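> No letters, just coordinates:
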């Protein structure tokens, strides 16, 4: 990955796969590298190792807030927590037609951005996220 590029780990519940694909495509069209598990895990790969590698490479995580009944909800919170532990910003998006309260967002992730897809266009959402995602820095500029 080259200096200045933005790399995103997109974390989402299976129910939000379609919205995640649309958002991921828009971010890619705007120049970001996007990891989505459904199109990026090679057959035979170790799932936990691949997720860790992709989290390491990402400059930010975009978490689509899962519904309370999402089967993989705890996995999404784990991915967001791992990103925070690695010093990565976590940007949260409330997918269309999702309702949430403050209690739906863990306190440990309180410094994240929350954007509501029902209140803005998908293009505007992608633009806002892209502005919030940090770029890759070279070792020299990181000092």
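That came in fine, so what should we check first? The model shown is predicted, which means the values in this text are computed figures rather than measured ones.

> helix/strand/coil for residue 70?
Going by DSSP: H, G, I helix; E, B strand; the rest coil, the secondary structure assigned to residue 70 is coil.

> where's it relative to residue 124, distance?
25 Å (C-beta to C-beta, to the nearest Å). Backbone N, C-alpha and C define where each C-beta goes, glycine included.

> for the record, mean pLDDT for the helix or strand harbouring residue 25?
Following DSSP states H and E, one finds residue 25 within helix 17-29. For helix 17-29, mean pLDDT is 94.

> Okay, helices next: where are they in the chain?
17-29, 37-40, 47-57, 73-85, 122-132, 139-142 (DSSP state H).

> Columns distance to residue 63 and mean neighbour count on top of those helices, output as JSON lines?
As requested, those are exported to JSON lines (distance: least, C-beta to C-beta, whole Å; neighbours: other C-beta atoms under 10 Å):
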{"stretch": "helix 17-29", "distance to residue 63": "10", "mean neighbour count": "17"}
{"stretch": "helix 37-40", "distance to residue 63": "13", "mean neighbour count": "14"}
{"stretch": "helix 47-57", "distance to residue 63": "12", "mean neighbour count": "14"}
{"stretch": "helix 73-85", "distance to residue 63": "5", "mean neighbour count": "17"}
{"stretch": "helix 122-132", "distance to residue 63": "11", "mean neighbour count": "15"}
{"stretch": "helix 139-142", "distance to residue 63": "25", "mean neighbour count": "8"}
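
> wait, which of those helices is closest to residue 98?
For the helices of the chain, the distance to residue 98 is smallest for helix 17-29, at 9.4 Å, taking C-beta to C-beta.

> Report the inter-axis angle for the closest one versus helix 122-132.
With axes from the mean of the first three to the mean of the last three C-alpha atoms, to 10 degrees as the basis, helix 17-29 and helix 122-132 are set at 60 degrees to each other.

> residues contacting residue 37?
residue 51 (C-beta atoms under 8 Å, 6 or more residues apart in numbering).
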